[in-house]
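Q: Could you work out the structure for the sequence below:
(one chain, ligands or ions: 1)
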Amino acid sequence: MTSIQIGVVMGSSSDWDTMQHAVAILEQFGIAHEAQVVSAHRMPDDMFRYAEAAAGRGLKAIIAGAGGAAHLPGMIAAKTPVPVLGVPVASRHLQGVDSLHSIVQMPKGVPVATFAIGQAGAANAALFAVAMLANEDPALRKKLEAFREEQTNAARAMTLPPVSA
Ligand SMILES: Nc1c(C(=O)O)ncn1[C@@H]1O[C@H](COP(=O)(O)O)[C@@H](O)[C@H]1O
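A: This is a model prediction of the structure:
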């Protein structure tokens, strides 16, 4: 059995709409992963246990998404040396600016790599995790290069509609 390489955690099942875009990328690249709800606020003991066990379990990175007072990524980072990639989930009242600020402004010494708010940020966090793994995995590096080439070709093929104004 392949051991889990990337952990995906989120503060609530309401974050899944956003965070599933990270999981979709990991699936596309065939990365062994897990996804679950772990909240620093609502289940702090579970969050501590998850973070404390991460390195011993062989996780190479943890993608952590949360909205509002998004302390989850930072608190996980405080309890593990495994790299934490933070995804700000768009919140109901402040559109995720609160989430972004909560995640990005970590004190010196406890870094969280912070991505953009929402689905693109979730997908990019997963692509970043893939790029990290690809440093040690030539086959994965090839897949990533093919993905990027496809993206480039799609952008080159973009056309614009006629002026309608
Ligand atoms: N920011 C956190 C944490 C945390 O940081 O530990 N736990 C839950 N939440 C966030 O609360 C929002 C609303 O959650 P509900 O929809 O469950 O009320 C979610 O975006 C979640 O990430």
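Q: okay, CA-based contacts and neighbour counts for the rest of this
A: Will do.
Q: Identify the bridge partners of the residue nearest to residue 36 when sequence neighbours are not counted.
A: Spatial nearest neighbour of residue 36, excluding adjacent residues (CA to CA, 6 or more residues apart in numbering): residue 9 at 5.1 Å. Assessed by DSSP bridges, residue 9 has beta-bridge partners residue 36, residue 64.
Q: Can you give me every residue that contacts residue 9?
A: Applying CA atoms under 8 Å, 6 or more residues apart in numbering to residue 9 gives the contacts 35-38, 62-65.
Q: mind listing what's buried in the longest helix seen in the chain?
A: Looking across the chain with DSSP state H, the single longest helix is helix 138-156. Judged by neighbour count using 16 or more other CA atoms under 10 Å, the buried positions of helix 138-156 are 140-141, 144.
Q: Please apply the same query to stretch 47-54.
A: 47-48, 50-52, 54.
Q: Around the ligand, pick out the residues from this protein.
A: 10-12, 14-15, 39-41, 66-72, 89 (CA under 6 Å from any ligand atom).
Q: Show me what the longest helix of the chain is packed up against.
A: If contacts are counted by 3 or more CA pairs under 8 Å, 6 or more residues apart in numbering; DSSP states H and E, helix 138-156 sits against helix 119-134.
Q: now the helix it packs on: mean pLDDT?
A: For helix 119-134, the mean pLDDT works out to 98.
Q: Pass me the low-pLDDT residue ranges in the chain, would you?
A: Across the chain, the ranges flagged by pLDDT under 70 are 1.
Q: One more pass at 80, please.
A: For the chain, applying pLDDT under 80 flags the ranges 1-2.
Q: Show me which of the contacts of residue 9 are buried.
A: Neighbour counting with 16+ other CA under 10 Å marks 35, 37-38, 62-65 as buried within the contacts of residue 9.
Q: my guess is residue 22 meets residue 125, correct?
A: Yes. Residue 22 lies in contact with residue 125 (CA atoms under 8 Å); the separation is 6.7 Å.
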